[in-house]
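**Student:** A predicted structure for the sequence below; I have some questions about it.
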Amino acid sequence: MKWKQRASLGGILASVTLLGACVQPIEVTQAPIKADYKPGFSVDRVAGESAVTVRSFTGVEKERKEFSGAACVLESDEIRASFTTPAEIIVPKFRQRKEFASRGRPTSARVVCKAAGSTGIASFDATDKQVQTATNAGVGGAILTAVVSGAIAGSTSWKYPGIMSVTVQGVE
């Protein structure tokens, strides 16, 4: 019986240790920043808005650590925003329509952050949250998935990921 108690206690201690190792993200304290449309951008392509949180990190893998205060620019062919990390950026969702070039998909958003004389760059693609392809469903499942995906494509908007992380090396 004692070995079960010890094993249980060991499991609890391991769990507490792992939870303590989790690092909370730095709180976003500034008001959300709305990205500006670039000249020539057609607002007919806009299907609403979504929030993107941009965070800056230094280090690699297990040594990776978030830091605040990086001066950043988020930019695509359609939008632009300047801010300091961490920040919440309000970006458009884009209509997906066959009459638009590339079905309305926006260009990749590029985030460039600078801190302590170093620069980090990351690129993010907009995705459509369509129905995922059914696996092991045979030909009938594939046809049904194609029909449903085609129907949804007209109503599903392109959207950038909710979190964008940029690594800037050399920041202490």
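**Tutor:** Structure's in. What do you need?
**Student:** contacts and neighbour counts: CA atoms only from here.
**Tutor:** Noted.
**Student:** Just list the residues touching E27, thanks.
**Tutor:** Each residue near E27 by CA atoms under 8 Å, 6 or more residues apart in numbering is listed here: P86.
**Student:** give me that answer again for 10 Å
**Tutor:** With CA atoms under 10 Å, 6 or more residues apart in numbering as the criterion, the residues that contact E27 are 68, 85-87.
**Student:** what do you get for K65?
**Tutor:** 23, 25, 56-59, 167, 171-172.
**Student:** Now the buried members of those.
**Tutor:** Among the contacts of K65, those buried by neighbour count (16 or more other CA atoms under 10 Å) are 56-58, 167, 171.
**Student:** closest to L74 among those?
**Tutor:** Ranked by distance to L74 (CA to CA), these are led by S56 at 12.6 Å.
**Student:** Quick check: the gap between the closest one and V111.
**Tutor:** Applying CA to CA, to the nearest Å, the value for S56 to V111 is 10 Å.
**Student:** residues shared between the contacts of these two?
**Tutor:** Taking CA under 10 Å, 6+ apart as the contact rule, S56 and V111 both touch 72, 120, 164-166.
**Student:** any idea how far the longest strand seen in the chain is from the chain center?
**Tutor:** The longest strand of the chain (DSSP state E) is strand 46-58. Relative to the chain's own centre, strand 46-58 is displaced by 6 Å; criterion: CA atoms, centre = their mean, to the nearest Å.
**Student:** ok now the next helix or strand after that strand, how far from the chain's centre?
**Tutor:** Going down the chain from strand 46-58, the next helix or strand is strand 65-67, by DSSP states H and E. Mean-position distance between strand 65-67 and its chain equals 17 Å (CA atoms, centre = their mean).
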